[in-house]
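S.K.: quick one, fold the following:
(2 chains)
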Amino acid sequence: MAATKVRVVLKAKASSSFFRAYLDERRLRFEEGAAALDLEPKDQDYVLTWFIRDIPGTKYGIQVDEPERVRMTYAATLDASGKDAGIYWFKI
Amino acid sequence: MQGPWRIPAAIVVCGLLAHAAPIAGSDPPDSWEQALDAENKRAAYSGLIGGRMADPSLTSPIGPPGLAIQFTTDTKDRRARAKIGLRLGNDLFFDVKFIVPAGDSEAEPIDLDGLRRSAVLDLGIHYLAWNPRLDAGRAKAIRDEYLARHPDSKKYILSLNALKGEPDLRRRFLQAITWSTAVFAALRAKIGRQDFTYADSSFESVSAQKTSAALEAAAGILVPAWGYFGASFEAQRFYEAGSSAELILPYRGGPAEQIKTLVLEPPGRRSRTRLRVEYRRTIGPFAAVNPRLSYFPKERAALVELPLYAFRNPEAGLNGGVNLSWISRNGGRVGLALFIGSTFSLTPD
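M.R.: Residues are numbered from 1 along each chain as shown, chains lettered A, B, ... in the order given. Sure, this is the predicted structure:
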């Protein structure tokens, strides 16, 4: 019997052209700042990665909003390098 | 609209923000997870980022795919601009700009834009490809090293900003990232309308409205360590007012005379092409440069521009500065202008 899929909702706020987010190396497509995916539970972690390039001082953020047990919030302001990247591991 | 009175506050705000936010997860490294419950975290996130985020480029890949409007004024160009952006896909964007001359500038434009004095409808489509990658295996090794150093940590997030307290791990994390070169391409079509007034053979005033047009193609790459290198080609067909002269004419048919300055010929149609190469990059946290070299084959003229963006608006980012320019025409002319309203972006907007 196939495992029940779990809805994962990610949200992002970034005004930059140069913002990308990937889940297990698959690019996420955001609609109005949110991306929803139905994921199958697996033994290994899901890996969320994100990247941004813009002028220093640019603010941005990314959230895993659902399910609640893997919820996370990350927000930052770009420093003089104008770059940031991050990774988040979670299990469904 | 932006005004110069907002600049000092903008610079101060920018200075305060030029560091990773506390809720980024690293300052101190784990305290945010313990100190903030879910609701407070969301509130802090919303407070930091804001409920609405201005997007000067209207090209955010995660923004709403609907319409957005922005208004800018530019004292250098003395033009007002409204822009509507529409995201067509992850990497494809469409926008429409409405540009009108704001005020009657007496200064002779130095940049040879034939549509400068026209009200312009400017339609553009542009493509941006960028695929950075992070080696998750190497990142996991860095996380394990971090957890070994901080056994009480529950860290499942790593980021460049959040690793500032661990310079060696940050360096390794940076090495695990492939930033990749971004590719940019754009096509623009412009239609402009301009009113002209001139005197006919009996010195009666005649008004005419003429339509100008231009096509522009641009492409470039954003190299991670260097910045943006781009080239563009533009072809314009436009109208220029005829030459004027001062005439001494009878005043209302009587014996008195008056001196009138009249344009004595209808506007003439012109064409012009422009080749341009440009470079864009930020300099530290507070400035950016966008040097441009343009060549006009028909006129055999070269134009060098060196805009230095140094003024910051909290919503629009770097949107003002000083532009030093030089054109080879007429033995060479140097221009120096202060501009406010043109927002700097890593690629052409």
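S.K.: show me where pLDDT drops low in the chain?
M.R.: Looking at chain A here, since you left the chain open. A:1-2 (pLDDT under 70).
S.K.: actually, chain B is the one I wanted.
M.R.: The model of chain B has pLDDT under 70 over residues B:1-78, B:103-111, B:155, B:315-316.
S.K.: so the residue of it positioned farthest from its centre: helix, strand or coil?
M.R.: Within chain B, the residue lying farthest from the chain centre (C-alpha atoms, centre = their mean) is B:Pro255, at 57.1 Å. Assigned by DSSP: H, G, I helix; E, B strand; the rest coil, the conformation of B:Pro255 is coil.
S.K.: got it, and the one 4 residues further on?
M.R.: Here B:Ile259 is recorded as strand under three-state DSSP.
S.K.: B:Ile248 is in contact with that one, correct?
M.R.: Yes. B:Ile259 is in contact with B:Ile248 according to C-beta atoms under 8 Å; the separation is 5.6 Å. For glycine as for every other residue, the C-beta is placed from the backbone atoms N, C-alpha and C.
S.K.: how many neighbouring residues does the closest residue to B:Pro348 other than its chain neighbours have?
M.R.: Nearest residue to B:Pro348 in three dimensions, chain neighbours excluded: B:Ala218, at 5.7 Å (C-beta to C-beta, 6 or more residues apart in numbering or on different chains). Using other C-beta atoms under 10 Å in any protein chain shown, B:Ala218 has 20 other residues around it.
S.K.: just the element for B:Ala218, please.
M.R.: Here B:Ala218, judged by DSSP states H and E, is contained in strand B:205-223.
S.K.: which helix or strand lies directly C-terminal to that strand?
M.R.: As assigned by DSSP H and E, the chain's next helix or strand after strand B:205-223 is strand B:227-240.
S.K.: and that following strand, what does it pack against?
M.R.: Packed against strand B:227-240 by the contact rule (3 or more C-beta pairs under 8 Å, 6 or more residues apart in numbering or on different chains; DSSP states H and E) you find strand B:182-199, strand B:205-223, strand B:268-283.
S.K.: want to throw those strands into JSON lines with distance to B:His126?
M.R.: Below are these laid out as JSON lines (distance: least, C-beta to C-beta, whole Å):
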{"stretch": "strand B:182-199", "distance to B:His126": "4"}
{"stretch": "strand B:205-223", "distance to B:His126": "8"}
{"stretch": "strand B:268-283", "distance to B:His126": "15"}
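S.K.: B:Phe296: which of these is closest?
M.R.: Each of those has some distance to B:Phe296 by C-beta to C-beta; the shortest is strand B:268-283, at 5.5 Å.
S.K.: enumerate the positions of the closest one that are buried.
M.R.: Neighbour-count burial for strand B:268-283, counted by 16 or more other C-beta atoms under 10 Å in any protein chain shown, picks out B:272, B:274, B:276, B:278, B:280-282.
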